[in-house]
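Asker: fold the following for me, if possible:
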Amino acid sequence: MGNRAPAFQFYPSDYLGRKLIRMSDASQGIYWRLICFMWKDSEDQCSIEKDDKTISKVLSISIQKWEKALGEIQWNDDPILLEENGRYVSKRLRKEKEKQLLRSEKASNSAGKRWHKDAPPKHSERNANASAKQCTSSSVSFSSSGKDINKALEYKDRFSEEYKIFIKDVALLIGFINTIPGKNFAENDNRATTMIKQRIGGGATFEDLLQVIIKKSYDPDFHRNRKWMSPYTLFEEKQFEKYMSESFTDFGADENTTEICPIMMNLNGNTNTPKQSTEKIDIVEIGHADSIPDFLKRDKK
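Answerer: So this is what the prediction gives:
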């Protein structure tokens, strides 16, 4: 379950397409509940067993309601769902799953070289010596597999091999944020590590977290508020779920991009980006509220 993406892209055309508009409101609701169940609970994230009793049970509706909705979903000779090997299959979810896997693979393997070979360099050395290409290319290759991650989160032994690999990948992720000018987070920061553990434990992957970093670097709101480009904002539960549901195209970026936005890499910004201080960021331990962005504080009131 560790490598399951928690969200998929939703477009207005998905809801307003011809095949859905022809359905009743009740059947549309049942259809989308079915799609959500496929993504969240099925092994392949795009299908469900072709059994009326099972489906009606997981959707918490009567068999009669399901059969009525099914008639509208499959609509004579123009069905929405495929029927393969005794299962209903969503072409839309299958395509989305393949796209997410391809994007994660590109993000983790681009540039063909690890961001660093052994122990990460000191923050001052990294920021002083990194070239523009190193700073903008997501050449981060994570070592943790889904099995390793599950073991790392289960083990209380902080000296287990799986936990060491997990922590090394956490350092890679935080180190990638630190390639942005003005960022200098500790790669073993307790609060950031805890948030990353929670997101991974909730079903996200390291590649998902990496994609959120890159994606939000293109967000104009983040250009104006560079302090939000931090693990405390990017990996906060509610914000992370929102960021995962957003598309690169929402910010004018290519969906296959693996580089930090050049505007974010420009410390002095451009005509639309205010100048930022190069002063080191204070590392705040768990429980301190000073590092929480203002908009998150407002949400907690």
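Asker: low-confidence stretches in the protein?
Answerer: 1-3, 104-141, 143-160, 267-301 (pLDDT under 70).
Asker: where do the strands of it begin and end?
Answerer: Remark: strands assigned in the chain by DSSP state E are 47-49, 82-84, 87-89.
Asker: how about the ones you listed in CSV, adding mean neighbour count and distance to residue 164?
Answerer: Where you see a C-beta, it was placed from the backbone N, CA and C, and this is true even at glycine. Converted to CSV, those look like this (neighbours: other CB atoms under 10 Å; distance: least, CB to CB, whole Å):
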stretch, mean neighbour count, distance to residue 164
strand 47-49, 18, 37
strand 82-84, 12, 42
strand 87-89, 19, 40
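Asker: can I get these in CSV with distance to residue 257?
Answerer: Putting those into CSV (distance: least, CB to CB, whole Å) gives the following:
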stretch, distance to residue 257
strand 47-49, 30
strand 82-84, 31
strand 87-89, 30
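Asker: closest to residue 238 out of the ones you listed?
Answerer: strand 47-49 (28.5 Å; CB to CB).
Asker: describe which strands the closest one pairs with in its sheet and in which direction.
Answerer: Paired neighbours of strand 47-49 in the sheet (DSSP bridges): strand 87-89 (antiparallel).
Asker: what's the strand it pairs with in contact with?
Answerer: 34, 46, 47, 48, 49, 50, 55, 81, 82, 83 (CB atoms under 8 Å, 6 or more residues apart in numbering).
Asker: list the contacts of the first one.
Answerer: Shown in contact with residue 34 (CB under 8 Å, 6+ apart): 48, 55, 59, 88.
Asker: any idea how far the second one lies from residue 70?
Answerer: If I follow you right, that is residue 55. 8 Å (CB to CB, to the nearest Å).
Asker: pull out the buried residues from stretch 11-24.
Answerer: 20, 23 (16 or more other CB atoms under 10 Å).
Asker: send me it as PDB with only the CA atoms.
Answerer: Taking Å, rounded to 0.1, in the frame of the first residue of the first chain, the C-alpha atoms of stretch 11-24 are listed here in PDB:
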ATOM      1  CA  TYR A  11     -11.100  17.700 -14.800                       C
ATOM      2  CA  PRO A  12     -14.500  19.400 -15.500                       C
ATOM      3  CA  SER A  13     -14.700  17.400 -18.700                       C
ATOM      4  CA  ASP A  14     -14.800  14.200 -16.500                       C
ATOM      5  CA  TYR A  15     -18.000  15.400 -15.000                       C
ATOM      6  CA  LEU A  16     -19.600  17.100 -17.900                       C
ATOM      7  CA  GLY A  17     -18.800  14.500 -20.600                       C
ATOM      8  CA  ARG A  18     -21.600  13.300 -22.800                       C
ATOM      9  CA  LYS A  19     -21.700   9.800 -21.200                       C
ATOM     10  CA  LEU A  20     -22.200  11.200 -17.700                       C
ATOM     11  CA  ILE A  21     -24.600  14.000 -18.600                       C
ATOM     12  CA  ARG A  22     -27.000  11.500 -20.000                       C
ATOM     13  CA  MET A  23     -27.300   9.900 -16.600                       C
ATOM     14  CA  SER A  24     -29.600  10.900 -13.800                       C
END
